[in-house]
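1. coordinates only, sequence not included:
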């Protein structure tokens, strides 16, 4: 039991490498089948066959296949297409839940360890996004606060800049005062 804890406690893969494999497609954070296969140490074909044998475990919110346009766009965004070279069909994208489900389909010790690291990467990414959202909310609040304060300043400046109406002056000399 102690050796098992040691193995699980050790990081199999660097968190940054996994985080770089997480993409944002269709408004969801996903990982592609080829990247997952590399992490699990299996061929993409083997991973997809295991998924197809257990397709009832992968509903649309766990896994979906990219459209040809999405796949083409993804290839054009990456300078090297060698990692996807020779594919006859667009890749499958797995959401966080789909990646978790893969551990029940791929039953190797490496799959379990890799899944743990991937889940940690998703959690870390979620924490970073939450931090950024919190920062954005604080910035918006500060902007609103100072916009209101500066509004008064800008109104005062505009009043000072507006041409004033000339006051009626008394004529010089003994001429009678004229009302317009």
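-> Nice, I can see it. These numbers were taken from a predicted model, which means no experiment stands behind them.

2. Tell me which stretches of this protein form strands.
-> 23-25, 28-32, 63-65, 92-95 (DSSP state E).

3. Neighbouring strands - and their directions - for the third one?
-> Next to strand 63-65 in the sheet, as set by DSSP bridges, lie strand 92-95 (antiparallel).

4. per-residue confidence at residue 111?
-> Looking at residue 111, its pLDDT is 76.

5. how far away is it from residue 95?
-> Residue 111 sits 17 Å away from residue 95, going by Cβ to Cβ, to the nearest Å. Where you see a C-beta, it was placed from the backbone N, CA and C, and this is true even at glycine.

6. other SSEs contacting the longest helix seen in the chain?
-> In the chain, assigned by DSSP state H, the helix with the most residues is helix 109-161. If you count contacts as 3 or more Cβ pairs under 8 Å, 6 or more residues apart in numbering; DSSP states H and E, helix 109-161 packs onto helix 2-9, helix 15-21, strand 28-32, helix 33-40, helix 96-105.

7. a markdown table please, covering the strands of the chain and showing mean neighbour count, distance to residue 53 and mean pLDDT.
-> As requested, those are exported to a markdown table (neighbours: other Cβ atoms under 10 Å; distance: least, Cβ to Cβ, whole Å; pLDDT from 0 to 100):
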| stretch | mean neighbour count | distance to residue 53 | mean pLDDT |
| --- | --- | --- | --- |
| strand 23-25 | 13 | 25 | 88 |
| strand 28-32 | 20 | 20 | 90 |
| strand 63-65 | 19 | 14 | 94 |
| strand 92-95 | 23 | 14 | 93 |
